[in-house]
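[1] my questions concern the predicted model and sequence given below.
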Amino acid sequence: MLKKFFDNKVFLLSSALVLGSAPVYAESTWDGKYNSTFPFQMSRASVCPKFLPIDIEVKIENGQISGFIFNNGGDNSSPFCKLYHNGTITGSIDNDGNFINVKVKQKNPHSKKYSSNRITGNMKSNLKLISKSAKYHPTAAFLLTKYSDLDSGSGQSVNSNLGNITINKNIDTSNTLVINVKNQSEAQKKLDEVQASLNMYEAISKVVKKQKPDSRRRFLLAINNEIKKLNSKKTSLEKQFSNQYSTPIRPSNQKLNISSFKASETFPKIPFYVPGTNEIGEMLTIPKVTDEGFLVYRLDFLDPTSTYEKVRDSINIPHESIDEVIKALLNIDKWTITAQENNLTRRISKTALCIPTGRCQNKKKGIMSTEIVFQVYEDGSTSGRIQRNKGTYSVGYNLSVESSVLLSAYLTYMRDTGSKEFNIGNMSDEEVKSLFN
């Protein structure tokens, strides 16, 4: 469920667009029901300073696309904010997954002048929600995740670790989760998994509240949104399971403390994509103690479709460099705002951090380095990039702006909590006893 949750909200930012393919009008492999939810950030010049919660629902049948976009305005105070992007979706898709003439018909006259009017891109890599006014509504990229076949009543989820899931659309367009479980024990396990993720976010929230005001604001904006959604899902599952088994089922791990090492298994994986390809994966952050006794944070880049080798690449970040990494990831968000304020629509990249310092400019055999790069594309969209330089060879993994902020929040938690555990583990019995003087 959490992988699906994060897959749905990611901004995959790319300028790739395949044109000229003919649509298909017979049953194809793309037939099914799809969903995507993600926070849409308007420009600073708009009346909506906070994220707009975008919910896209699409049905593909015999090559024809139909669906809708919903936005309730989020926490913005202006009445205009809940008008933008609401409308219907129509168009077609070809055999290769390219969107053909996919239009968004806005319901409100004011919204028609500014917000989304079409969707372009490819189902296998990225789709773009394009608006009439890029000044106020920058192009946002996203992925659609299939959650049900056309003839399926059970709504089996794709890429979910919480079992079979149905997304039922109520009249108010809110999502209701229904998870199919075989027995009460399995129901308890599913609910505990949701609670474990909620515990993780709440633990991170407590840590980031102690950070500097500017960093704290950006952290909490993303984290509180996740907590709100997870609480809603927990309530829905509690009600479903209690009705199903005629006995109350509540999370059994609500007050359990969690170590930073265990947190790496609980925190949702950060999605990434490889630009110029259809490859999409997940990044897992794991605190490790090396054989020499040093604390490092290993970033594993996973290929969930691989049969044999799931980890396609790994990068070790020394604990001494973690503050710089956190700051660099936050700069992706900060510089995105600057780019939007200046209506920047040209391709440009800027290195936010190089580890070790000075090695990224001199790429030659025998020298390895890691870069965090900020990127702007011709359509005004932005992204972060974690790039591994192996001699003259470089490989990069792109992150959405929101994923960059969530990763920095997670690393902040690891830095403050994981380092304490590491230090305690290194203390002698006498040093530990001295803490109680």
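    Great, that's in hand. Residues are numbered from 1 along each chain as shown.
[2] what are the phi and psi values for the residue lying closest to residue 388 once chain neighbours are set aside?
    Nearest residue to residue 388 in three dimensions, chain neighbours excluded: residue 395, at 5.4 Å (CB to CB, 6 or more residues apart in numbering). C-beta: built from backbone N, CA, C; applies to glycine. Per-residue torsions, residue 395: phi -130, psi 140 (degrees, to the nearest 10).
[3] what sits against residue 395?
    By CB atoms under 8 Å, 6 or more residues apart in numbering, the contact set of residue 395 is 313, 387-388.
[4] from those residues, which one has the minimum pLDDT?
    The member of these with the lowest pLDDT is residue 313, at 86.
[5] I'd assumed residue 388 was in contact with that residue.
    Yes - look at residue 313 against residue 388 with CB atoms under 8 Å: they come within range, at 6.4 Å.
[6] next up, the contacts around the closest residue to residue 401 other than its chain neighbours.
    Leaving out its chain neighbours, the residue that sits closest to residue 401 by CB to CB, 6+ apart is residue 336, at 5.1 Å. Residue 336 makes contact with 41, 374, 382, 401, according to CB under 8 Å, 6+ apart.
[7] surely residue 144 meets residue 36?
    Yes - using CB under 8 Å, residue 144 is in contact with residue 36, at 5.0 Å.
[8] who's more crowded, these two?
    Using other CB atoms under 10 Å, the more surrounded residue of residue 144 and residue 36 is residue 144, with 24 against 20.
[9] ok, the more buried one to residue 38 distance?
    Plainly put, residue 144 is 11 Å away from residue 38 if you go by CB to CB, to the nearest Å.
[10] JSON lines please, covering the contacts of residue 395 and showing secondary structure and distance to residue 281.
    Formatted as JSON lines, those follow (DSSP: H, G, I helix; E, B strand; the rest coil; distance: CB to CB, whole Å):
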{"residue": "313", "secondary structure": "strand", "distance to residue 281": "9"}
{"residue": "387", "secondary structure": "strand", "distance to residue 281": "15"}
{"residue": "388", "secondary structure": "strand", "distance to residue 281": "14"}
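[11] can I get these in CSV with distance to residue 100 and neighbour count?
    Shown next, in CSV, are these (distance: CB to CB, whole Å; neighbours: other CB atoms under 10 Å):
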residue, distance to residue 100, neighbour count
313, 35, 16
387, 34, 19
388, 37, 18
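[12] closest to residue 219 among those residues?
    Nearest to residue 219 among the contacts of residue 395, counting by CB to CB, is residue 387 at 23.9 Å.
[13] who's in contact with that closest one?
    Residue 387 makes contacts with 370-373, 394-397, as judged by CB under 8 Å, 6+ apart.
[14] go again using 10 Å as the cut-off
    Contacts for residue 387 (CB atoms under 10 Å, 6 or more residues apart in numbering) come out as 315, 349, 351, 354, 360, 369-373, 394-398.
[15] let me know the closest of the residues you listed to residue 150.
    Within the contacts of residue 387, the smallest distance to residue 150 is 32.3 Å, found for residue 398 (CB to CB).
[16] quick check: which element contains the closest one?
    Using DSSP states H and E, residue 398 sits within strand 393-399.
[17] compute the inter-axis angle for whichever helix or strand comes after that strand and strand 393-399.
    Downstream of strand 393-399, the next assigned helix or strand under DSSP H and E is helix 401-413. Orientation check (axes from the mean of the first three to the mean of the last three CA atoms, to 10 degrees): helix 401-413 against strand 393-399 gives 100 degrees.
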